[in-house]
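K.L.:
model the following, please.
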Amino acid sequence: MKLSEVKAILNAEFLAAETDDLNINTACGCDLMSDVLAFVKDQSLLLTGLINAQVIRTAEMMDIVAVCFVRGKRPPEDVIELAKKSGIAVLTTEYPLYTACGKLYEKGLGGRGSAQTL
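P.N.:
Here you go, the predicted structure:
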């Protein structure tokens, strides 16, 4: 799925992105960065309600290409700048985490261990 499709499905707004043509292979909805470290694959989208720099640092370590903040949350400008320097796209959506993940799954974007990626 292209990042532009994710944006449309979630009615999201870009806060940082070099391109909306990124390929997203899987998604992960999580607020525990330790779980992200354990379960996320490359070319993933991370959906989270956390808005601190650790989210971007974790995304860097796991080769996550995009982060979407849920519930209308907006990270501080320093977090957005860190994402830009790291080449990580950042979006925000008004949907809660559960709904955002469900909408993406419904449109065919699976996660680790989902029926769509087995």
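K.L.:
could you pull out the strands for this structure?
P.N.:
Counting by DSSP state E, the chain has strands at residues 13-16, 26-29, 44-48, 66-69, 89-92.
K.L.:
any chance of TSV for the ones you listed, columns mean neighbour count and mean pLDDT?
P.N.:
(Each C-beta comes from the backbone N, C-alpha and C, glycine too.) Formatted as TSV, those follow (neighbours: other Cβ atoms under 10 Å; pLDDT from 0 to 100):
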stretch	mean neighbour count	mean pLDDT
strand 13-16	18	96
strand 26-29	22	92
strand 44-48	25	95
strand 66-69	26	97
strand 89-92	23	97
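K.L.:
confidence-wise, which helix or strand of the protein is lowest on average?
P.N.:
None of the helices or strands of the chain scores lower by mean pLDDT, DSSP states H and E than helix 33-39, at a mean of 82.
K.L.:
which residues touch Gln43?
P.N.:
Listed by Cβ atoms under 8 Å, 6 or more residues apart in numbering, the contact set of Gln43 reads Leu22, Asn23, Ile24, Asn25, Thr26, Asp63, Val65.
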